[in-house]
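A.B. asks: Structure for this input, please:
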Amino acid sequence: MKPKALQILDSALRITESADKKPKKKPRLTELLHSPEAEETPDWYMCVPACFNEALDIRLTPRQQAGQQRMVWTQGSTFSFKQGDIIYDTPKAYLQWSEALKHLHLGVIIRLAVDSVPEKRNEGGDVISPRNHGQVSFTLHRPNAEKTRLIEYGEHELTQDDFVRFLIAGPDAALTKKLK
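C.D. replies: Below is the predicted model:
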């Protein structure tokens, strides 16, 4: 699943929007980073439940199918994690907190964030504005030795795009060094 989600992420990052005054429907993928109803992402590095669908730009979109308009889950690339979002590495983080701490290895708290914005092109295909990759400043937290509370152990900054990649695949080599 992880390689599939990364392939879909790479495809989503190539989405461009029309900069025309009367834009056509925004292009969106029908392959999704994960199931929109899923409360866990078992093959991902972090557990990203359905409450983060909007942040992952997974949404219901009207589409024509067999001559009828239907609502279909689609994937875009306007990632929008927000200040105050908290993401854990396990779905067990949502148990009673004293029990959750026994299972938790990593928590992420977002301090500041700027949404990503797809590239915009005119009718001729010229780039009007390049992709804004956004920004996410976050702190990492681990349980203390007694597993009674979380301890902050570093603040980091990634683009929204790279933050989504981190949620799926885990830290890259540069972030791994910082995590030690």
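A.B. asks: hey, which helix is longest across this protein?
C.D. replies: Longest helix of the chain, by residue count under DSSP state H: helix 2-13.
A.B. asks: Let me see the mean pLDDT of the helix or strand following that helix.
C.D. replies: Per DSSP states H and E, helix 2-13 leads on to strand 16-18 as the next helix or strand towards the C-terminus. For strand 16-18, mean pLDDT is 81.
A.B. asks: got the angle between the following helix or strand past strand 16-18 and helix 2-13?
C.D. replies: Next along the chain after strand 16-18, taking DSSP H and E as the criterion, comes strand 58-65. Put simply, strand 58-65 runs at 70 degrees to helix 2-13, going by axes from the mean of the first three to the mean of the last three Cα atoms, to 10 degrees.
A.B. asks: If you count contacts, what does strand 58-65 end up packed against?
C.D. replies: Counting contacts by 3 or more Cβ pairs under 8 Å, 6 or more residues apart in numbering; DSSP states H and E, strand 58-65 packs against strand 68-75. Every residue, glycine included, has its C-beta placed from N, CA and C.
A.B. asks: tally of neighbours for Gly76?
C.D. replies: Neighbour count of Gly76, defined by other Cβ atoms under 10 Å: 19.
A.B. asks: Likewise for Lys82?
C.D. replies: Neighbours of Lys82 (other Cβ under 10 Å): 14.
A.B. asks: OK, contacts around it?
C.D. replies: Taking Cβ atoms under 8 Å, 6 or more residues apart in numbering, we find Lys82 in contact with 55, 110, 113.
A.B. asks: out of everything not next to it in sequence, what's closest to the first one?
C.D. replies: In space, and not counting its chain neighbours, Ala55 is closest to Phe81: 4.6 Å by Cβ to Cβ, 6 or more residues apart in numbering.
A.B. asks: any idea what the one you found is structurally, helix, strand or coil?
C.D. replies: Classification of Phe81 by DSSP: H, G, I helix; E, B strand; the rest coil places it in coil.
A.B. asks: Okay, it and Ile151: tell me how far apart.
C.D. replies: As judged by Cβ to Cβ, to the nearest Å, Phe81 and Ile151 stand 22 Å apart.
A.B. asks: and these two? which has more neighbours close in?
C.D. replies: Phe81 (26 against 11).
A.B. asks: what sits against the more buried one?
C.D. replies: Counted by Cβ under 8 Å, 6+ apart, Phe81 has contacts 52, 55, 110, 113, 136, 160, 163.
A.B. asks: hang on, the earlier thing: among the contacts of Lys82, who's most crowded?
C.D. replies: Neighbour counts for the contacts of Lys82, by other Cβ under 10 Å, peak at Ala55, which reaches 23 neighbours.
A.B. asks: mind checking how far it is from Gln7?
C.D. replies: Ala55 is 20 Å from Gln7, by Cβ to Cβ.
A.B. asks: With Met71 instead?
C.D. replies: Taking Cβ to Cβ, one finds Met71 at 25 Å from Gln7.
A.B. asks: If anything else comes up later, I'll come back, but that's it for now.
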